[in-house]
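In: Just need the structure, nothing else, for what follows:
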Amino acid sequence: MMNPLLAAELGRMEYEERLRKAQEALRFKRLNHRQPVQARIAKALGDFLVASGRKLQDHYQPAGA
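Out: Here you go, the predicted model:
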């Protein structure tokens with residue numbers, strides 16, 4: 001026989017876990033829906049950072065190297 005308070009606490013924890021998983025799934029679905037736009041922005045930003053890094057590397061490269 002389980003303590004009623006313990007059973008209630010376990011039930012609450014189980015409910016919170018299911019709620020959290022449902023919220024994560026919904027958040028992932030929303031992100032996945034916007035993914036094409038976010039992917040293009042991320043690619044453009046990544047390309048810009050790589051190009052900037054190359055320019056800085058070329059600029060600060062020692063003359064003899």
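In: how many other residues sit next to residue 36?
Out: 9 (other CB atoms under 10 Å). The C-beta positions use only the backbone N, C-alpha and C, and glycine is treated the same way.
In: residues contacting it?
Out: Residues near residue 36 by CB atoms under 8 Å, 6 or more residues apart in numbering: none.
In: so which strand or helix has it?
Out: Residue 36 is located in helix 4-60, with elements delineated by DSSP states H and E.
In: Just the mean pLDDT for that helix, thanks.
Out: For helix 4-60, mean pLDDT rounds to 84.
In: Could you check how far that helix is from the centre of its chain?
Out: 2 Å (CA atoms, centre = their mean, to the nearest Å).
In: ditto for stretch 51-63
Out: A distance of 31 Å separates the centroid of the chain from that of stretch 51-63, by CA atoms, centre = their mean.
In: which residues sit against that stretch?
Out: Applying CB under 8 Å, 6+ apart, stretch 51-63 has no contact partners.
In: Any buried residues in that stretch, and which?
Out: When burial is assessed from 16 or more other CB atoms under 10 Å, stretch 51-63 yields no buried residues.
In: what's the answer for stretch 20-28, then?
Out: With the criterion 16+ other CB under 10 Å, stretch 20-28 contains no buried residue.
In: Export it to CSV, keeping only CA atoms.
Out: C-alpha atoms of stretch 20-28 as CSV (Å, rounded to 0.1, in the frame of the first residue of the first chain):
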residue,chain,number,x,y,z
ARG,A,20,7.0,19.5,-20.3
LYS,A,21,7.4,17.0,-23.1
ALA,A,22,4.3,18.2,-24.8
GLN,A,23,5.6,21.8,-24.6
GLU,A,24,9.0,20.8,-26.0
ALA,A,25,7.3,19.0,-28.9
LEU,A,26,5.2,22.0,-29.6
ARG,A,27,8.2,24.3,-29.5
PHE,A,28,10.2,22.0,-31.8
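In: Need the contact partners of it.
Out: Contacts to stretch 20-28, defined as CB under 8 Å, 6+ apart, come from no residue at all.
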